[in-house]
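Chemist: Next one to model:
(3 chains)
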Amino acid sequence: MTRVALFITCVNDALFPETPKAVVRILERLGYDVDFPAAQTCCGQMHANSGFKKDATRLARDFDDVFGGYDAIVTPSGSCAAMARDQYPHLTGSDIGKRVHELSEFLVDVAGVEDVGAHFPHTVTYHPTCHGTRALGLGDKPLRLLRAVGGIDLVDLPAADQCCGFGGTFALKNAEVSTAMLADKCANAAATSAEYLAAADNSCLTHIGGGISRTGGPRPIHYAEILASTA
Amino acid sequence: MSARDEILARMRTALKDASAPPAVPREYRRALDLEVDIVAMLIDRLVDYKANVHHGAAAIEEALAGARRVAVPADLPAEWRVGGAEFVEDRGLTTAELDGVDAVLTGCAAAVAVSGTIMLDAGAAQGRRALTLVPDHHVVVVRRDQITGHLAEALPRLDRTAPQTWISGPSATSDIELQRVEGVHGPRRLDVVLLD
Amino acid sequence: MSDLVPAASLIPAGAPFPKAAKVALGMPQLRRNLAHATGTIRAKRAKVAGELDDWEALRDTAAAVKANVQRRLPELAVRFEENATAAGAVVHWARDAAEANRIAARLVREAGAEEVVKVKSMATQEIELNEHFEAEGLRAFETDLAELIVQLAEDKPSHILVPAIHYNRTEIRDIFSQRMGDAPAGLTDDPAALAEAARLHLRRRFLSSTVAVSGANFAVAETGSLVVVESEGNGRMCLTMPETLISIVGIEKLLPDFADLEVFMQLLPRSSTGERMNPYTSVWTGVQDGDGPQHVHIILLDNGRTGVLADEVGRQALSCIRCSACLNVCPVYERTGGHAYGHVYPGPIGAILAPQLEPGRHDDLPYASSLCGACYEVCPVKINIPEVLVHLRQQGPHGAGERAAMGAAEAVMARPRLWRTALRLARLGSMPWRRKGFVRRMPWPASRWTASRDLPVPPKESFRDWWKEREK
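Modeler: Numbers count the residues shown, from 1 in each chain, chains lettered A, B, ... in the order given. Have a look, this model is predicted:
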């Protein structure tokens, strides 16, 4: 069995245990031996993107220490994978990012599967998160995986490629602009009448979900949880 | 220190530790595929940008329709001076005189099919820049051998240091709600006559 | 808008971006105008860029050519000067805005003029040439339609390409009717009628002005040529009709070779107005006997550019060809407009250019982005704007509160055991909200989030607990 390390991300560690659990179930279903290095914390993205380079560099070094021994590291976050791949070379000179795969990259490119044997009889709309789509270049990989899910009814999200307005500390520093972006995203999500809004990053889903929780609309869900569902 | 020397010194200081410049890749296209009908494409693009297209020297008269006085460069071929209009040669016409004619008739240096662009470089039958600017109606004659498919094929045909005007349709603006509207300060009517 | 309040005046001068943005967000007409205009241009750009199967190859070449220009700047600037001078132009150098303005004003007076016509130019906006001329008793008349609208409204440009993007057709009709002395009676808001009114208004001035001021889109070192890309013909008028032409050109506008235009003249029009080619491109080299201005001056402008050049990461901002595609796709710009940025270069490119051109000012601008990356995706010269934004954030100052919070977070995250304890405490502490499932109100600074968004509640059981359980 091929061994892969799971990087759950600090956001999921703190708030969303169901997403990394889903990743474990999917990978084990496909025959992988999943390892969870308990010393992991955060990739350092918040610090780096907020301008705290020294802090980010220390966390990037820790990441290398924790995951350096693995050939493949899987994470359910497009932006954390992009952090490792794009920024670590500048911060620490490490190329570990090449071995960090966002879940859909790992499934489609490494494992070579699109149908992971999932069943999810619901209407779902998909928001392509910015870092996953643009920085990492995920393209339609998450969508290809979702299209192969049994029973799923995928509906298009209007203006899907527009940012939800999260942007880490942007949501606090420029709260008004962020909120204006979120309002449009929530309105577009609600217009789909989908039951679920899926995405590849729980930080974006926290933001969109935080808005939908007030204005109504589809329930936010990480797409890994859909892929983990079976009949 | 002069401003020139100081700015050059600032540049050199700024670049003291700069890494070597990257190699320039040139993987883009420099010509269209051979099977592309570049005349048809040029016509399509001209019409798309609201230029009128005519065929054959005889059609110059039709392109000039409505013009009584037509300014022309002094070296405009005689066979292009067709129809009933009075042809006024530009031998130092004043601005007011240019403003007083109904149209201008010239040739060109090259045309680009992909973008529907007509290029003038002050060469034969083209005249100076003001000639093709002040009159409100420009009729330009394009020979078949002047049509290129791609911008990269047209540029080497130009006299690089002569004053050039590249024209793609009549004057236009997108300044109001980013919607294109034809007809501002340059000639509001552009007629292109294609010769075989 | 019967009272004609210039839009820029509604934004408090010198306000930091978040505050200025808040004001702009409260202007519904502005937001509708911007959403409509940027939506239109985004679709046009995507269509014409999509027509070229070698678009990505063109971007790669353009980025590399510009990177070369930056590293070869001293050599190329001197080469341009030599070739332009040989062709009859007079080349001047200006360290900063004040020097450029002084030279330009002197040249106007030497030409015996008090008025000039102007082609739209970002460099002259940047150095505030019009304001300087006015202070010197000279007058500059903008001739680009959008610049004319802005000048008549006594407003400021809010977009690099379309300075009046924040006005809709009805507002423009009102500006013309009230401020343009010779506006036709009964002017409608039909864009064609508005363009016609501008044509009539400016025509006499074009045909009688003796001095023009322009910028340039490109300066070709190999030939000493300048290139101006435009649509209306006002550029051709200014570049052709007057006796004297003064062009103010940022040193970063250099291109090594004439043939490089085959790359940039495919990228620029498609990225800016979404056209295969702009209606008019003018290329001129010094003075041409009997054709166009007989006195040709070129002012090469530094004004902070060599400072930008010194930053290995930040210097890519000098690759910008001012197409404004990044503004049009930016979700922040679309909602705030250009005035909120408080600088002549707004939007994503402004957020990386302004703080570099004027170090110590505009430190708020690198944060005016969610780092969504839409700008990088469309940039025809592949400026990695998110990369430079993050780089500038890492250079700039940080508030004490944020420093403390980030330091504390790092201290916890750097100690796995402490991190796990902190998460456990968070789970315990959030017990009261667990049934409800979300938190709606938090004290400052978390209230910045909860003012418009609910917060999720930590779970009862963490992933780590679940993992430990199944490993047993």
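Chemist: Show me how the record splits the chain into domains.
Modeler: Answering for chain A, as no chain was given. A:3-110, A:123-228 (automatic domain parsing).
Chemist: Chain C, not that one
Modeler: If you go by automatic domain parsing, chain C breaks into C:28-36+C:52-305, C:410-471.
Chemist: rewinding a little: nearest to chain B among the domains of chain A would be which one?
Modeler: With C-beta to the nearest C-beta as the measure, domain A:3-110 is the member of those nearest chain B (13.8 Å). No exception for glycine: its C-beta is placed from N, CA and C like everyone else's.
Chemist: Now do the helices in chain A.
Modeler: A:10-14, A:18-29, A:45-49, A:53-67, A:78-82, A:88-91, A:103-105, A:130, A:141-147, A:170-173, A:175-191, A:202-215, A:223-228 (DSSP state H).
Chemist: how about those in TSV, adding mean pLDDT?
Modeler: Listed next are these as TSV, based on pLDDT from 0 to 100:
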stretch	mean pLDDT
helix A:10-14	97
helix A:18-29	98
helix A:45-49	97
helix A:53-67	98
helix A:78-82	97
helix A:88-91	96
helix A:103-105	98
helix A:130	97
helix A:141-147	98
helix A:170-173	96
helix A:175-191	98
helix A:202-215	97
helix A:223-228	98
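Chemist: Need those in CSV (columns: mean neighbour count and distance to residue B:5).
Modeler: Shown next, in CSV, are those (neighbours: other C-beta atoms under 10 Å in any protein chain shown; distance: least, C-beta to C-beta, whole Å):
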stretch, mean neighbour count, distance to residue B:5
helix A:10-14, 22, 54
helix A:18-29, 21, 62
helix A:45-49, 25, 41
helix A:53-67, 20, 37
helix A:78-82, 28, 45
helix A:88-91, 20, 35
helix A:103-105, 26, 53
helix A:130, 28, 46
helix A:141-147, 20, 56
helix A:170-173, 21, 43
helix A:175-191, 22, 45
helix A:202-215, 23, 52
helix A:223-228, 25, 61
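Chemist: mind giving me JSON lines with those helices and columns for distance to residue B:166?
Modeler: Shown next, in JSON lines, are these (distance: least, C-beta to C-beta, whole Å):
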{"stretch": "helix A:10-14", "distance to residue B:166": "53"}
{"stretch": "helix A:18-29", "distance to residue B:166": "55"}
{"stretch": "helix A:45-49", "distance to residue B:166": "43"}
{"stretch": "helix A:53-67", "distance to residue B:166": "47"}
{"stretch": "helix A:78-82", "distance to residue B:166": "41"}
{"stretch": "helix A:88-91", "distance to residue B:166": "42"}
{"stretch": "helix A:103-105", "distance to residue B:166": "45"}
{"stretch": "helix A:130", "distance to residue B:166": "38"}
{"stretch": "helix A:141-147", "distance to residue B:166": "43"}
{"stretch": "helix A:170-173", "distance to residue B:166": "42"}
{"stretch": "helix A:175-191", "distance to residue B:166": "40"}
{"stretch": "helix A:202-215", "distance to residue B:166": "45"}
{"stretch": "helix A:223-228", "distance to residue B:166": "49"}
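Chemist: what separates residue B:8 from residue C:73, distance-wise?
Modeler: 9 Å (C-beta to C-beta, to the nearest Å).
Chemist: Compare neighbour counts for the two and give me the winner.
Modeler: residue C:73 (27 against 22; other C-beta atoms under 10 Å in any protein chain shown).
Chemist: Tell me which residue of chain B lies closest to chain A.
Modeler: residue B:19 (13.8 Å).
Chemist: And the stretch 1-150 of chain C, by the same measure?
Modeler: Closest point on the stretch 1-150 of chain C to chain A, by C-beta to the nearest C-beta, is residue C:22, at 4.6 Å.
Chemist: okay, now residue B:66: neighbour count?
Modeler: Neighbour tally, residue B:66, other C-beta under 10 Å: 9.
Chemist: What strand or helix carries it?
Modeler: Following DSSP states H and E, there is no helix or strand that holds residue B:66.
Chemist: So what's the residue count around the closest residue to it other than its chain neighbours?
Modeler: Nearest residue to residue B:66, sequence neighbours excluded (C-beta to C-beta, 6 or more residues apart in numbering or on different chains): residue B:102, at 7.0 Å. Applying other C-beta under 10 Å, we find 16 residues neighbouring residue B:102.
Chemist: Please look at residue B:102 and residue B:69 and confirm they touch.
Modeler: Yes - assessed by C-beta atoms under 8 Å, residue B:102 is found in contact with residue B:69 at 5.4 Å.
Chemist: Report the set of residues contacting both of these two.
Modeler: With contacts defined as C-beta atoms under 8 Å, 6 or more residues apart in numbering or on different chains, the residues shared by residue B:102 and residue B:69 are residue B:85.
Chemist: so residue B:116 sits right up against residue B:45, yeah?
Modeler: Yes - applying C-beta under 8 Å as the test, residue B:116 and residue B:45 come out as touching, 2.9 Å apart.
Chemist: what's the strand or helix carrying residue C:389 in contact with?
Modeler: Residue C:389 is part of helix C:385-395, with elements assigned from DSSP H and E. With contact meaning C-beta under 8 Å, 6+ apart, helix C:385-395 is reached by A:48-53, A:86-87, A:135, C:311, C:313-314, C:316-317, C:326, C:348-349, C:351-352, C:355-356, C:366-367, C:369, C:371, C:373, C:375-376, C:379.
Chemist: Lowest mean pLDDT among the helices and strands of chain B, which one is it?
Modeler: Using mean pLDDT, DSSP states H and E, strand B:181-182 stands out as the lowest-scoring helix or strand of chain B, at a mean of 88.
Chemist: Which strands or helices does it pack on?
Modeler: strand B:172-173, helix C:191-208 (3 or more C-beta pairs under 8 Å, 6 or more residues apart in numbering or on different chains; DSSP states H and E).
Chemist: I'd like to know if the first one reaches chain C anywhere along the stretch.
Modeler: Yes - judged by C-beta under 8 Å from any C-beta of the partner chain, strand B:172-173 comes into contact with chain C at B:172-173.
Chemist: can you give me the mean pLDDT across that strand?
Modeler: In this model, strand B:172-173 carries a mean pLDDT of 92.
Chemist: Show me what that strand is packed against.
Modeler: Using 3+ C-beta pairs under 8 Å, 6+ apart: strand B:172-173 touches strand B:181-182.
Chemist: so how far is chain A from whichever residue of chain C sits closest to chain B?
Modeler: Nearest residue of chain C to chain B: residue C:233, at 2.5 Å (C-beta to the nearest C-beta). Using C-beta to the nearest C-beta, to the nearest Å, we find residue C:233 at a distance of 36 Å from chain A.
Chemist: these two touch, right, that residue and residue C:282?
Modeler: No - using C-beta under 8 Å, residue C:233 makes no contact with residue C:282, being 10.1 Å away.
Chemist: give me the element residue C:184 is part of.
Modeler: Applying DSSP H and E, one finds residue C:184 in no helix or strand.
Chemist: Show the contacting residues for it.
Modeler: C:197, C:200.
Chemist: Kindly report the same for residue C:232.
Modeler: Taking C-beta under 8 Å, 6+ apart, one finds B:171-173, B:175, B:184-186, C:144-145, C:195, C:279-280 in contact with residue C:232.
Chemist: Can you name the residues in contact with the helix or strand where residue C:269 lies?
Modeler: Using DSSP H and E, residue C:269 sits in helix C:261-272. Residues from elsewhere that reach helix C:261-272, judged by C-beta under 8 Å, 6+ apart: B:28, B:30, B:115, B:151-152, B:155, B:166, C:45, C:48-49, C:52, C:58-59, C:61-62, C:65, C:161, C:217-218, C:220, C:227, C:229, C:255, C:275-278, C:281, C:321-325, C:378-381.
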